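Q: Predicted model, plus sequence, below.
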Amino acid sequence: MTIIAQGLSAKRSGRTILHPTTVDIKPGERVGLVGASGSGKSTLGHALIDALRAGGTRVAHVPQSPDEALDPLRSMAFHWREAEQALGLAGDDARRLQLFDALQIAGGDLGKRPWGWSRGMQQRFVIAMALIGTPDLLVMDEPTSALDPVVAAGTMDLLDLYLTDRETALLLITHDLGLAAKRVSRLMVMDTGRIVEDAPTARFLSAPQTQAAQALCAHRNWLELPC
Amino acid sequence: MLRVEKVSVRRGAATTLQDVSLTLAAGRTLAVVGESGAGKSTLINAILGLAQCAAGHVTWNDAPVTHCRPALVMQEPRAAFNPRQTLRRSVMEPVVAQRAPTNPDGLRMLCDGLEIELDLLDRRPSEVSIGQAQRMGILRALIAAPPLMLFDEPLSALDAVTQKHTARLIAQMQERIGFAALIVTHDLGYAAAFADDIAVLRAGRIEEFGPAQAFVTAPQTDYGRKLRDAAFALGALERVA
């Protein structure tokens, strides 16, 4: 069933930072939400998650920074157990090891607290938590910004593999059109709190309509910059 | 010319840099790439004289490198400034510290080149955008006209469009002024587009060092190839047919 959230909006200090917006995503669809810093991408992500969860849709969220997902006073084992319990699942070491192996964090000490792990490992732990169940939608906000390129590429490949043959849809929030264009089939562009463009990736890249989209496209590739 | 010759740096019992040799000529750009913990920041600290070399030495035109007063542009644009001071006061600090004469024309020229409106100088770091703050960081580094500029992940806090805009401004200033630039980055796309040479650091050692174009088309080591392929997979580099 298509995931639909209507009338999403947000204000901060009296200023509208997200104008009323409707988002619809098909099962298994991979959608990118791109735009400049401050355009409202993360705000829309949060509003969407809140609205969908309130309506009973299962949404897994990987926030921009592992600090937002992990409690510094709790052990990694605690976080994992909590995530399993939230999904109503019994503990399953085989499942955990499979995810840890794939994300190359099997060497991490679960007895430690988050700050006993490197940031890159924390981020991959959060991604692993998001993949425990089979959510209707996975929202990832700049999932690779804390990762080294080799690990980031491996993580995105793993994610592709995970999403194949699943009904789980992906919303990838990023400022980096180059990254999004490789991983999603549909792109939404945000500019000053509004979705200004929404198109299949191929059409978007070949014929961006709005100024914000044109700027993103023109600056997609380091080796072909406009001068 | 910057010469890093057989430099080793130790922290406690651990060796963070091992036998690192590099050169960077005036007016040229060297990108240093590698994963977290590879020793990229230690290399910058060794060049700035902030990390002591256990072996080897770093020179600029055959004199100790610190004599040329290299300048640093930092990763987190706003955190790099005193939040309570105006940007103008922070930006002018190198001039004051080096007891150099203030040169209003020079400041105007730099602001013009970096697309900084002069009235922004009277704001505080929290009152400008991240992109503007980073251009201020570059302005502060350039203000005392160092022949050698060090950039520690100068673009990683910026969005994709601002990254490319800032990279272009740095290159334009370099063309105009002629400083040598050593840029630590994890973004191979940036390195390929703007650097003359690329050095790959891994676990404190130089894995590869050579012309940027040659690296992108044909990395010499397995690890170099992994890095390059990761850049393809992340869309940071487009595969050239």
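A: Now that the structure is in, tell me what you want to look at. Residues are numbered from 1 along each chain as shown, chains lettered A, B, ... in the order given.
Q: Give me every residue in chain A lying close to chain B.
A: Counting by C-beta under 8 Å from any C-beta of the partner chain, the residues of chain A close to chain B are A:36-38, A:118-120, A:144-145, A:148-154, A:156-157, A:175-182, A:215-216, A:219-225, A:227. (C-beta placed from N, C-alpha, C; glycine too.)
Q: Just the buried subset of those, please.
A: Among these, the ones that count as buried by 16 or more other C-beta atoms under 10 Å in any protein chain shown are A:36-37, A:120, A:144-145, A:148-154, A:156, A:175-182, A:215-216, A:219-222.
Q: does B:Leu234 really touch A:Val151, like I thought?
A: No. With contacts counted by C-beta atoms under 8 Å, B:Leu234 stays clear of A:Val151, the gap being 10.6 Å.
Q: Return the distance of the closest residue to B:Ala25 other than its chain neighbours relative to B:Pro70.
A: Nearest non-adjacent residue to B:Ala25, counting by C-beta to C-beta, 6 or more residues apart in numbering or on different chains: B:Met1, 5.0 Å away. Counting by C-beta to C-beta, to the nearest Å, the separation of B:Met1 from B:Pro70 is 13 Å.
Q: ditto for B:Glu76
A: Distance, B:Glu76 to B:Pro70, by C-beta to C-beta: 20 Å.
Q: do B:Thr162 as well
A: B:Thr162 sits 25 Å away from B:Pro70 when distances are taken as C-beta to C-beta.
Q: Pick out the least confidently modelled helix or strand of chain A, by mean pLDDT.
A: Sorted by mean pLDDT, DSSP states H and E, the helices and strands of chain A end with helix A:149-163, the least confident at a mean of 89.
Q: Please name every helix or strand in contact with that helix.
A: helix A:119-130, helix A:177-183, helix B:222-233 (3 or more C-beta pairs under 8 Å, 6 or more residues apart in numbering or on different chains; DSSP states H and E).
Q: Next secondary structure after it?
A: Using DSSP states H and E, the helix or strand that follows helix A:149-163 in sequence is strand A:169-174.
Q: Return the list of strands paired to that following strand, each annotated with direction.
A: Paired strands of strand A:169-174, with direction, are strand A:30-34 (parallel), strand A:137-141 (parallel) (DSSP bridges).
Q: quick one, that strand and helix A:149-163 angle?
A: 160 degrees (axes from the mean of the first three to the mean of the last three C-alpha atoms, to 10 degrees).
Q: for strand A:169-174, the distance to its chain's centre please.
A: Distance, stretch centre to chain centre, for strand A:169-174: 5 Å (C-alpha atoms, centre = their mean, to the nearest Å).
Q: Please name the nearest non-neighbouring residue to the residue nearest in space to the middle of chain A.
A: Centrality entry for chain A: nearest residue to the mean C-alpha point is A:Met140, 0.8 Å, by C-alpha atoms, centre = their mean. Spatial nearest neighbour of A:Met140, excluding adjacent residues (C-beta to C-beta, 6+ apart): A:Val62 at 4.4 Å.
Q: And the one you found, how close does it get to chain B?
A: Between A:Val62 and chain B the computed distance is 16 Å (C-beta to the nearest C-beta, to the nearest Å).
Q: Backbone dihedrals for that residue, please?
A: phi -110, psi 100 (degrees, to the nearest 10).
Q: Next, count neighbours for it.
A: As a burial measure, A:Val62 scores 24 neighbours (other C-beta atoms under 10 Å in any protein chain shown).
Q: correct me, but it touches A:Leu70?
A: No. Using C-beta under 8 Å, A:Val62 is not in contact with A:Leu70; the gap is 11.6 Å.
Q: okay, and the common contacts of the two?
A: Shared contacts of A:Val62 and A:Leu70, defined by C-beta atoms under 8 Å, 6 or more residues apart in numbering or on different chains, comprise A:Val126.
Q: For the chain, just list every one of the strands.
A: Assuming you mean chain A. Shown for chain A, the strands assigned by DSSP state E span residues A:3-12, A:15-25, A:30-34, A:59-62, A:137-141, A:169-174, A:186-191, A:194-200.
Q: Correction: the question concerned chain B.
A: Using DSSP E, strands in chain B cover B:2-11, B:14-24, B:29-33, B:55-60, B:63-64, B:71-73, B:148-152, B:180-184, B:197-202, B:205-211.
Q: So for chain A, which of those sits nearest?
A: Chain A lies closest to strand B:29-33 among those, at 8.4 Å (C-beta to the nearest C-beta).
Q: Tell me the strands beside the closest one, with direction?
A: Partners of strand B:29-33 in the sheet, by DSSP bridges, are strand B:180-184 (parallel), strand B:197-202 (parallel).
Q: Adding mean pLDDT and mean neighbour count as columns, could you present those in JSON lines?
A: Output for those, formatted as JSON lines (pLDDT from 0 to 100; neighbours: other C-beta atoms under 10 Å in any protein chain shown):
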{"stretch": "strand B:180-184", "mean pLDDT": "97", "mean neighbour count": "24"}
{"stretch": "strand B:197-202", "mean pLDDT": "96", "mean neighbour count": "24"}
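Q: Which one of these lies nearest to A:Ala77?
A: strand B:197-202 (31.8 Å; C-beta to C-beta).
Q: Against A:Ile4, how distant is the residue lying closest to A:Gly38 once chain neighbours are set aside?
A: Excluding the flanking residues, the one nearest A:Gly38 by C-beta to C-beta, 6+ apart is B:Ser129, at 7.7 Å. Distance, B:Ser129 to A:Ile4, by C-beta to C-beta: 34 Å.
Q: do A:Gln211 as well
A: 28 Å.
Q: Give me every residue in chain B lying close to chain A.
A: Residues of chain B lying close to chain A by C-beta under 8 Å from any C-beta are B:35-37, B:129-131, B:156, B:158-165, B:168, B:186-190, B:192-193, B:226-227, B:229-231, B:233-238, B:240.
Q: Among those, name the ones in helices.
A: Judged by DSSP state H, the subset of those located in helices is B:130-131, B:160-165, B:168, B:188-190, B:192-193, B:226-227, B:229-231, B:233.
Q: Going by neighbour count, which of these are buried?
A: The buried subset of these (16+ other C-beta under 10 Å) comprises B:130-131, B:160-165, B:188-190, B:192-193, B:226-227, B:229-231, B:233.
Q: what's the domain layout of chain B?
A: Listed domain ranges for chain B are B:2-70+B:146-233, B:82-145 (source: automatic domain parsing).
Q: can you give me how far the longest one is from the chain middle?
A: On the basis of C-alpha atoms, centre = their mean, the separation between the geometric centre of domain B:2-70+B:146-233 and that of its chain is 7 Å.
Q: Repeat that for the shortest one.
A: Relative to the centre of its chain, domain B:82-145 is centred 17 Å away, using C-alpha atoms, centre = their mean.
Q: Stretch A:39-47 now?
A: 11 Å.
Q: who's in contact with that stretch?
A: The contact list for stretch A:39-47, computed with C-beta under 8 Å, 6+ apart, reads A:5, A:8-10, A:17-18, A:21, A:23, A:33-35, A:61, A:64, A:139, A:141, A:171, A:173-175, A:190-195, A:212.
Q: what's the closest non-adjacent residue to A:Thr192?
A: A:Ser39 (6.4 Å).
Q: repeat for B:Asp62
A: Leaving aside its chain neighbours, B:Asp62 sits nearest to B:Arg3 (7.9 Å; criterion: C-beta to C-beta, 6+ apart).
Q: related to what we said a few turns ago, give me the more crowded residue out of B:Met1 and B:Pro70.
A: Applying other C-beta under 10 Å to B:Met1 and B:Pro70 shows that B:Pro70 carries more neighbours, namely 23 against 14.
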